[in-house]
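1. Test case, fold it:
(2 chains)
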There are 2 protein chains.
Amino acid sequence: MLEVGQEYSLSYSFTQTDVDNFAKLCGDTNPIHIDPEYARKSVFGRLIIHGYLGASIFSKVLGTIFPGEGTIYLGQTIKFYNPMFVDEIYTAKFEVLEVIRDKHRAKIRTTVYSKNDEIVQTGEALIMNKEKI
Amino acid sequence: MLEVGQEYSLSYSFTQTDVDNFAKLCGDTNPIHIDPEYARKSVFGRLIIHGYLGASIFSKVLGTIFPGEGTIYLGQTIKFYNPMFVDEIYTAKFEVLEVIRDKHRAKIRTTVYSKNDEIVQTGEALIMNKEKI
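-> Numbering: from 1, shown residues only, chains lettered A, B, ... in the order given. The predicted structure is shown next:
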């Protein structure tokens, strides 16, 4: 059972192929994600990953690992503090902030750190899991 | 230039192939999204779309249409009120709630409605666009 204070971390990265596939899948063909020439002239100086793709690690972990199977996603807040780049290692950290046992719900802080321990995304997830919370 | 009160709507749908591709891409292989037998026995009675995939329409519209090119995503809140299903038509509605002109930022209400006008997702996006806000 999930308890307040429990933590979980996972490192991950995306390739430009992942970004191109996500652009096709969701239709967000903003050139900052897929056009190297455009991106070079932008404030970032290079292509950046879609914020949602970077944040999709939250969906993966909550739905398959921590707490895993049976998780229903009720809500998510995300602040995109810094851009994410392909082929760089990021670490998603999860910390259980609150457990509402009778409703099988938990509030979980979700944060993505760069390899330099800089916060790139942070927010909170609200989930339900009848067997694990 | 984006103004408070401006609205934009777009209808969309996803196929099971989209859902399967998103599961592979982000690693969220929660069986509720990809295993028909498991889903049939669940509270939903059928496969549901990943919440993030359903919400990715916000990224598409804000990044490519309303306000479009040049948009930088600063934040998003999402409440998942109801499940989304493949091959059903949904409508994403955007309403400009606040414009912070000197920072080129806007707060936009983002809501997804089912074909029966039921709210399936709602939240707020915070974006920056130096040319359009």
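2. got the end-to-end distance for stretch A:95-108?
-> Length of stretch A:95-108, first residue to last, CA to CA, to the nearest Å: 5 Å.
3. Mind listing what's buried along it?
-> Within stretch A:95-108, the residues scored as buried using 16 or more other CB atoms under 10 Å in any protein chain shown are A:95-96, A:99, A:104-108. No exception for glycine: its C-beta is placed from N, CA and C like everyone else's.
4. Can you add pLDDT and secondary structure and give those back as JSON lines?
-> Shown next, in JSON lines, are these (pLDDT from 0 to 100; DSSP: H, G, I helix; E, B strand; the rest coil):
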{"residue": "A:95", "pLDDT": "98", "secondary structure": "strand"}
{"residue": "A:96", "pLDDT": "98", "secondary structure": "strand"}
{"residue": "A:99", "pLDDT": "98", "secondary structure": "strand"}
{"residue": "A:104", "pLDDT": "98", "secondary structure": "coil"}
{"residue": "A:105", "pLDDT": "98", "secondary structure": "strand"}
{"residue": "A:106", "pLDDT": "98", "secondary structure": "strand"}
{"residue": "A:107", "pLDDT": "98", "secondary structure": "strand"}
{"residue": "A:108", "pLDDT": "98", "secondary structure": "strand"}
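5. Just flag the most distant two among those.
-> Greatest spatial distance among these (CB to CB): A:95 and A:104, at 18.7 Å.
6. Any stretches of chain A with poor pLDDT?
-> Along chain A, segments meeting pLDDT under 70 are nowhere present.
7. Would you check that residue A:46 makes contact with residue A:35?
-> No: judged on CB atoms under 8 Å, residue A:46 makes no contact with residue A:35 at a distance of 11.2 Å.
8. center of chain A, which residue is that?
-> The geometric centre of chain A, computed from its C-alpha atoms, lies nearest to residue A:55 (CA atoms, centre = their mean), at 2.3 Å.
9. Helix, strand or coil: sort out it for me.
-> Secondary structure state of residue A:55, per DSSP: H, G, I helix; E, B strand; the rest coil, is helix.
10. Name the residues that touch stretch A:52-61?
-> Contacts with stretch A:52-61, where a contact means CB atoms under 8 Å, 6 or more residues apart in numbering or on different chains, come from A:8, A:10, A:12, A:14, A:18-19, A:22, A:26, A:28, A:73, A:76, A:78, A:80, A:84, A:90, A:92, A:94, A:110, A:112, A:120-121, A:123, A:125, B:22, B:25-30, B:50-52, B:55-56, B:58-59.
11. Good, we can wrap up now.
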